[in-house]
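Q: kindly return the folded structure for what I paste below:
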Amino acid sequence: MRCHRPTRAEIDLRALRHNFLEIRRRAGPERQVLVVVKADAYGHGAEQVAGLLQEAGADLFGVALAEEGEALRRAGIDRPILVLGGVFPGQESGFLEHDLTPVLYDLATARRLDAAARSAGRRCGYHLKVDTGMTRIGFDRRDLPAALEALGKMAGLRMDGVLSHLALADTPEDPFTATQVDRFGEVLEGIRGAGMTPRWIHLSNSAAIFSRDVPGCNLIRPGIALYGGLPSGHFTSLDLRPVMSLRSAIVQIRDIPAGTGVSYGHRFVARRRSRVAAVLIGYADGYSRLLSGRGEALVRGRRVAIAGTVCMDWILLDVTDLSEAAVGDGVTLLGVEGDDRISAEEWADRIGTINYEVFCGIGKRVPRVYRGKDSAAGSRKSGADA
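A: Residues are numbered from 1 along each chain as shown. This is a model prediction of the structure:
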């Protein structure tokens with residue numbers, strides 16, 4: 001079945017290319033770019049996104065899971081793929097088979113991978129993850145000398161890179177980022193002092209790319225900025241273009257008398273004779289239930305309010321003041337219509353989250369429709385194109 005309900009996520013490939021080139025310009029000639037396409041490219045469709053970015057000149061790709069890396073290989077991505085989530089027991093042969101580069105953050109994993117690589121007569125390159133203050137995963141920098149000694153004895157492994165992750169870069173004035181940068185410099189000194197010379201040195205995420213220079217690094221890791229999302233409210237001046245729009249259409253309009261309750265729990269009760277429009281999208285598609293009574297949509301270029309509780313498959317709009325609204329009218333939940341725009345940042349602010357979660361939350365049952373295909377020559381098909 002090729003026909004879909006009117007709900008879809010539109011992906012602007014021209015905007016994606018623009019954002020990548022803006023990041024590339026910021027990186028300068030001395031740094032290369034690892035594009036983060038984990039979580040299905042933040043909900044934008046990893047196969048199409050990676051295809052365009054490879055054609056545009058991305059140097060490396062970053063994913064969270066080995067399965068994501070294998071899917072990119074099947075889609076024709078031939079650049080280095082770094083698996084940020086590491087290697088789980090039983091995955092070692094897959095990393096070798098698909099030429100995936102793991103991030104290593106503990107010795108137990110390193111030993112398993114070393115044994116598998118030696119058994120296959122191979123050496124497996126890896127990037128060493130060191131914790132400098134994120135306190136999530138990574139080798140403790142204070143234990144690094146012992147870890148480096150152990151890693152140096154593993155003939156099946158080769159340190160190709162070293163990285164850490166910034167905890168507060170989205171707040172540029174916070175001094176802790178400078179502390180992490182200093183600690184990372186000390187880590188590099190220790191690694192080089194142990195006789196290791198990793199090719200790739202990287203620390204900067206999207207926020208750091210646009211707010212500071214990190215000395216000694218030759219690789220950057222943009223994620224949210226690729227998709228036109230701001231790392232935080234401190235970055236409103238960036239020349240980034242939103243890549244995803246979320247759209248649907250009105251499928252029914254009902255006139256209801258004053259006093260009528262609407263949707264589950266009757267959180268919305270009409271104060272006057274009202275018109276309520278039904279739209280076939282809900283929290284199962286990623287339109288958060290927390291937007292009940294506080295979200296807005298664009299219809300004919302004008303804002304209308306979500307009326308009552310967001311359902312699994314439906315939302316209702318109060319179109320009382322939009323008398324011209326009709327069945328079949330387009331509805332924009334995220335994106336531009338006319339002179340107005342609903343951004344992921346606005347949506348996130350209303351429900352107390354971040355734009356990352358807004359993008360990643362748009363469910364798989366929402367078809368991705370790719371616009372600007374002519375700017376993505378060489379990319380693989382995934383979903384509808386236009």
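
Q: packing partners of the longest strand along the chain?
A: Longest strand of the chain, by residue count under DSSP state E: strand 244-256. Strand 244-256 sits against strand 8-12, strand 274-279, strand 330-337, with contacts defined as 3 or more CB pairs under 8 Å, 6 or more residues apart in numbering; DSSP states H and E. In this view, the C-beta of every residue, glycine as well, is placed from N, C-alpha and C.

Q: got the CA coordinates for the helix or strand following the second one in CSV?
A: Toward the C-terminus, strand 274-279 is succeeded by strand 296-299 as the next helix or strand (DSSP states H and E). The C-alpha trace of strand 296-299 is given here as CSV (Å, rounded to 0.1, in the frame of the first residue of the first chain):
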residue,chain,number,x,y,z
GLU,A,296,-0.6,25.1,18.9
ALA,A,297,-0.8,24.3,15.2
LEU,A,298,-0.8,26.4,12.0
VAL,A,299,-3.8,26.3,9.7
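
Q: and the following helix or strand past strand 296-299, which strands flank it?
A: Of the helices and strands lying after strand 296-299 in sequence (DSSP H and E), the nearest is strand 302-306. Using DSSP bridges, the strands paired with strand 302-306 are strand 296-299 (antiparallel), strand 315-318 (antiparallel).

Q: CA-only coordinates of strand 302-306 in PDB, if you can.
A: What follows is strand 302-306 as a C-alpha-only set of coordinates in PDB (Å, rounded to 0.1, in the frame of the first residue of the first chain):
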ATOM      1  CA  ARG A 302      -2.700  31.200  11.500                       C
ATOM      2  CA  ARG A 303      -2.200  29.700  14.900                       C
ATOM      3  CA  VAL A 304      -4.900  27.600  16.500                       C
ATOM      4  CA  ALA A 305      -4.900  25.900  19.900                       C
ATOM      5  CA  ILE A 306      -4.900  22.200  20.700                       C
END
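
Q: buried residues, that strand. List them.
A: By 16 or more other CB atoms under 10 Å, the buried positions in strand 302-306 come out as Arg302, Val304, Ala305, Ile306.

Q: tell me the one of these nearest Gly69?
A: Nearest to Gly69, judged by CB to CB, of the buried residues of strand 302-306 is Ile306 at 38.6 Å.

Q: tell me what that closest one is bridged to.
A: With DSSP bridges as the rule, Ile306 is bridged to Leu317.

Q: that one and Leu291 touch, don't they?
A: Yes - between Ile306 and Leu291 there is a contact under CB atoms under 8 Å: 5.8 Å.

Q: tell me which element the nearest residue to Leu230 once chain neighbours are set aside falls in.
A: Distances taken as CB to CB, 6 or more residues apart in numbering place Glu345 nearest to Leu230, at 5.9 Å, with adjacent residues excluded. Using DSSP H and E, Glu345 sits in helix 344-351.

Q: what pairs with Leu163 across the strands?
A: Under the criterion DSSP bridges, Leu163 forms beta bridges with Lys129, His202.
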